[in-house]
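Trainee: okay, sequence plus prediction incoming.
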Amino acid sequence: MVVIGGGIVALATAWLLQCRGHRVRLIAPDADGPHPQESRSGSAAALGVLMAQVFQRSRGRAWRLRQTSLSLWTQWRQELSGRGCPIPFQAGLLLLARDTGDTERLRQLLEERQALGLPLSWWEPSRLQDLGLGDAESSLGGLHSAQDGQLDPLAAMDAFRRDGLQQGLELVSDLVVGLERQPTGWRVHGLSAAQAMEAEWVVVAAGLASEGLLAPLGHQRPHQPVLGQCLELATSVPIRWPCPVVWQGLNLVPRPGGGLWLGATLEPGDHADPQLLEPMRQLAGEAPGCGWLREAEVIRRLQGLRARPIGRPAPLLEHLEPGLLLLCGHYRNGVLLAPASAQWAVEQIESSLTCR
């Protein structure tokens, strides 16, 4: 089997297939690992925020995928840690209310989730003040989700890669330039490979590059590139928050040993506008108790392209034809939905093999 792509969805899928006893090759230019200063993939600049139980809807495909993934992430982190490949994880997610209307919306969400038996709670302004998140006048409270959280995307990708290699996964550093149908499978053409690879199954999980691989086969799956940007900031005051904070669409993620990640998916297109970074930092500085962020030192900037499907709901999980799967278009949720996407691919493959 061949998995095409070097992001977290591709790695999770290749790893899970290999763990299930299949022989898997993962092919991507960055198969051996991304270079954060050079990579433009969405995973390389992701913050790894897992927003599942505070998702605005509580039914439908998007809700089910999120809940499945959150459960699988818990299981997989335990498995990988037990085999010497731990993934740093911060438990909990805090959504700060910005006005009275937002407070009402979050409190209604709290009631709906508690009715489902999920461990969400309301943190009053006094509790937030103790954490350095505002004062009696600026803080309106916030919704805390105990089982959501944040994991380090690069560490997760490295864990899949290292444990996958131990399980027998083969990593091939090459750019796939074409797929060719065969009577009993597929032929995968790489840019630098002297000979094409033969595969019974091909999983295309190559982000924005997926569109170009599928079009010659008659599958039109257009995507829009959307740029995500992240700032790593030095903190002038100790951060006392116990978990990542979400404020007006911005994610504020404390880093081990100090520092803060600040990020959002900001703009359509594939070219960064540096002028948008300063407004992002200023908006974060409007969060209760976070005025110091406006003057925080920028240590580095990261950016990556997310693939947003055009005319179809994200993500695209499709069995296009015999032996060909598409896992793409995760947009802002590649890290969160990687496990559910991988599990879906495994189910498609193994159910087809069983039916023979």
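Mentor: Looks like it came in fine.
Trainee: so where do the helices sit in the stretch 151-300 of the chain?
Mentor: Along the stretch 151-300 of the chain, counting by DSSP state H, counting those that start in this stretch, helices occupy 153-167, 210-214, 277-285.
Trainee: distance of residue 59 from residue 145?
Mentor: Distance of residue 59 to residue 145, given as CB to CB, to the nearest Å: 18 Å. Glycine gets a C-beta too; all of them are placed from N, C-alpha and C.
Trainee: show me which of the two is the more surrounded one.
Mentor: Neighbour tally, residue 59 and residue 145, criterion other CB atoms under 10 Å: the higher count belongs to residue 145, 26 against 7.
Trainee: residue 100 is nearest to which of the helices of the stretch 151-300 of the chain?
Mentor: Residue 100 lies closest to helix 277-285 among the helices of the stretch 151-300 of the chain, at 19.3 Å (CB to CB).
Trainee: give me the buried positions along the top helix by length along the chain.
Mentor: Assignment by DSSP state H gives helix 60-82 as the longest helix of the chain. Along helix 60-82, these residues count as buried under the neighbour rule (16 or more other CB atoms under 10 Å): 62, 65-70, 72-74, 76-77, 80.
Trainee: ok, stretch 20-38 next?
Mentor: Residues 22, 24, 25, 26, 27, 28, 29, 30, 31, 33, 34 are the ones in stretch 20-38 that count as buried (16+ other CB under 10 Å).
Trainee: please apply the same query to stretch 95-107.
Mentor: Using 16+ other CB under 10 Å as the test for burial, stretch 95-107 gives 95, 96, 97, 98, 102, 103, 106.
Trainee: can you list contacts of it?
Mentor: Residues from elsewhere that reach stretch 95-107, judged by CB atoms under 8 Å, 6 or more residues apart in numbering: 54, 122, 128, 133, 139-145, 245-248, 287-288.
Trainee: give me the buried entries from those residues.
Mentor: Neighbour counting with 16+ other CB under 10 Å marks 54, 122, 128, 133, 139-145, 245-247, 287-288 as buried within those.
Trainee: mind checking which of the contacts of stretch 95-107 land in strands?
Mentor: 122, 142, 143, 144, 145, 245, 246, 247 (DSSP state E).
Trainee: between these, which sits nearest residue 192?
Mentor: Nearest to residue 192 among the ones in strands among the contacts of stretch 95-107, counting by CB to CB, is residue 246 at 42.5 Å.
Trainee: measure the closest residue in space to that closest one that isn't next to it in sequence to residue 143 for me?
Mentor: With CB to CB, 6 or more residues apart in numbering as the criterion, residue 246 has its nearest non-adjacent residue at 4.7 Å, and that residue is residue 95. Distance, residue 95 to residue 143, using CB to CB: 5 Å.
Trainee: residue 23 and residue 63, how far apart?
Mentor: Per CB to CB, residue 23 is found 34 Å from residue 63.
Trainee: return the item of the buried ones among the contacts of stretch 95-107 having minimum pLDDT.
Mentor: The lowest pLDDT within those belongs to residue 139, with 86.
Trainee: so how far is stretch 335-353 off the chain centroid?
Mentor: Computed by CA atoms, centre = their mean, to the nearest Å, the chain-centroid distance of stretch 335-353 equals 16 Å.
Trainee: average pLDDT for that stretch?
Mentor: The model assigns stretch 335-353 a mean pLDDT of 97.
Trainee: how about it: buried residues?
Mentor: Judged by neighbour count using 16+ other CB under 10 Å, the buried positions of stretch 335-353 are 335-346, 348-349.
Trainee: do stretch 3-17 as well
Mentor: By neighbour count on 16+ other CB under 10 Å, the buried set for stretch 3-17 is 3-17.
Trainee: so for that stretch, mean pLDDT?
Mentor: Average pLDDT, stretch 3-17: 98.
Trainee: can I get it in CSV, CA atoms only?
Mentor: Below are the C-alpha coordinates for stretch 3-17, written out as CSV (Å, rounded to 0.1, in the frame of the first residue of the first chain):
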residue,chain,number,x,y,z
VAL,A,3,0.2,6.6,1.3
ILE,A,4,1.0,9.9,-0.5
GLY,A,5,1.7,12.9,1.7
GLY,A,6,3.9,14.1,4.5
GLY,A,7,1.5,15.8,6.8
ILE,A,8,-0.1,14.5,10.0
VAL,A,9,-3.1,13.0,8.2
ALA,A,10,-0.9,11.0,5.9
LEU,A,11,1.5,9.9,8.7
ALA,A,12,-1.4,8.9,11.0
THR,A,13,-2.9,6.8,8.2
ALA,A,14,0.4,5.1,7.2
TRP,A,15,1.2,4.4,10.9
LEU,A,16,-2.2,2.9,11.6
LEU,A,17,-2.2,0.7,8.5
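Trainee: many thanks, I have nothing further to ask.
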